[in-house]
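S.K.: coords please:
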Amino acid sequence: MTREILVAGETLIDFMPDRTGSLSAVESFSRRAGGAPANVAVGLARLGRTPWFCTALATDAFGDYLATVLDREGVPDRFVSREPDARTALAFVSHGADADREFTFYRAETADRRFDASGVPDDVLESVDIVVVGGVTLTVEPARTATFELVKRARAAGCRVLFDPNVRPELWEVDPVPTVRRALSATDLLKISREDLADGPLPEEPKELLDAGPDAVFLTEGDAGARLVAAAGSPWGRGEWRHGGYRVDDVVDTTGAGDAFTAGVVAGLVDGATPEEFLGFANAVAAASTRSAGAMTALPDRAAVGRIRDGR
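M.R.: Residues are numbered from 1 along each chain as shown. Predicted coordinates:
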């Protein structure tokens, strides 16, 4: 089966709290599969656009669990490597009263640090339209070099690269500015949030971001929706499009909403939708994902997205 999308990056465990408040007040957690690229890959599968997925999993019990989840979701394992003597990265999530969240990571000697995409052959890249990469694998070596090598090969094969910085300042072991600037220079489509702009080494205005390399910037703005700002060299020419999002009165958890949005955008791009169409669709995917707890577990199918768009 021909697949038009390759998603690459980390898969980890999210521990979701049983109550709002700081981690010190939480008594129990629920284990969930997570990691932004893994969420995007599963999100696309649930939307009927199953991608290739390149990731590294440990051979510990958590790694076995993650492999089982990916298999259950129909994500192909051709480019899923297993890393002996590595641990699975863990992220403990804390929730505020507004369902927003913070992360505390445990990432020493973990499999995601060993991410390697050299097993993805050039003939596969030549069949792919969009390659999705994130910022977490850029924070450490050798994953950083492996990510840049994949991006280089992807662009040589004619793929468009979508980059989600997913800024996590606490994960960086080097100055992030040169690395992020390098990533932007090799990016076609950039997906960012207001939190990314506040927390990270990114220019603060879409025009500055376009000047740094991408020809299109997708900016998510929480309950205000999202907008697309594109340069003249983008597939849609120069312009700006905005969608105000969807009101959700029963928000449970916003974890992974940005990844859901990314999956919606990529599905829309593959479907050949217009900017107005795929912005609306991606906002609906993100909104639907907030109705359940967790990131990956809350990712919607097209029926759930349709209910959001119908106001149900």
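S.K.: so where do the strands sit in this protein?
M.R.: Here the chain has its strands, by DSSP state E, at 5-8, 12-17, 29-34, 52-58, 80-83, 90-95, 101-106, 130-134, 160-164, 189-193, 216-220, 226-230, 239-243.
S.K.: right, so of the ones you listed, which gets closest to residue 72?
M.R.: strand 29-34 (9.7 Å; CB to CB). C-betas here are computed from N, CA, C, even on glycine.
S.K.: can you redo the strands of the chain as CSV with distance to residue 256?
M.R.: Putting these into CSV (distance: least, CB to CB, whole Å) gives the following:
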stretch, distance to residue 256
strand 5-8, 14
strand 12-17, 8
strand 29-34, 7
strand 52-58, 16
strand 80-83, 20
strand 90-95, 10
strand 101-106, 9
strand 130-134, 13
strand 160-164, 12
strand 189-193, 12
strand 216-220, 12
strand 226-230, 15
strand 239-243, 19
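S.K.: Of these, which is nearest residue 74?
M.R.: Nearest of these (CB to CB): strand 52-58, 10.5 Å.
S.K.: could I get the strands of the chain as TSV with mean pLDDT?
M.R.: Converted to TSV, the strands of the chain look like this (pLDDT from 0 to 100):
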stretch	mean pLDDT
strand 5-8	98
strand 12-17	90
strand 29-34	92
strand 52-58	98
strand 80-83	98
strand 90-95	84
strand 101-106	82
strand 130-134	98
strand 160-164	97
strand 189-193	95
strand 216-220	95
strand 226-230	96
strand 239-243	96
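S.K.: now those as CSV including distance to residue 300 and mean neighbour count?
M.R.: Putting the strands of the chain into CSV (distance: least, CB to CB, whole Å; neighbours: other CB atoms under 10 Å) gives the following:
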stretch, distance to residue 300, mean neighbour count
strand 5-8, 17, 26
strand 12-17, 18, 22
strand 29-34, 16, 19
strand 52-58, 19, 26
strand 80-83, 24, 18
strand 90-95, 20, 20
strand 101-106, 19, 14
strand 130-134, 18, 26
strand 160-164, 19, 23
strand 189-193, 18, 25
strand 216-220, 16, 24
strand 226-230, 16, 22
strand 239-243, 17, 16
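S.K.: Show residues contacting stretch 57-72.
M.R.: 11-13, 31, 33, 38, 41-42, 53, 77, 80-88, 90, 110-111, 296 (CB atoms under 8 Å, 6 or more residues apart in numbering).
S.K.: For the closest residue to residue 129 other than its chain neighbours, give me its contacts.
M.R.: The shortest distance from residue 129 to any non-neighbouring residue, by CB to CB, 6 or more residues apart in numbering, is to residue 4 (4.4 Å). By CB under 8 Å, 6+ apart, the residues touching residue 4 are 49, 51, 127, 128, 129, 130, 270.
S.K.: buried subset of these?
M.R.: For the contacts of residue 4, a burial check counting by 16 or more other CB atoms under 10 Å picks out 49, 51, 128, 130, 270.
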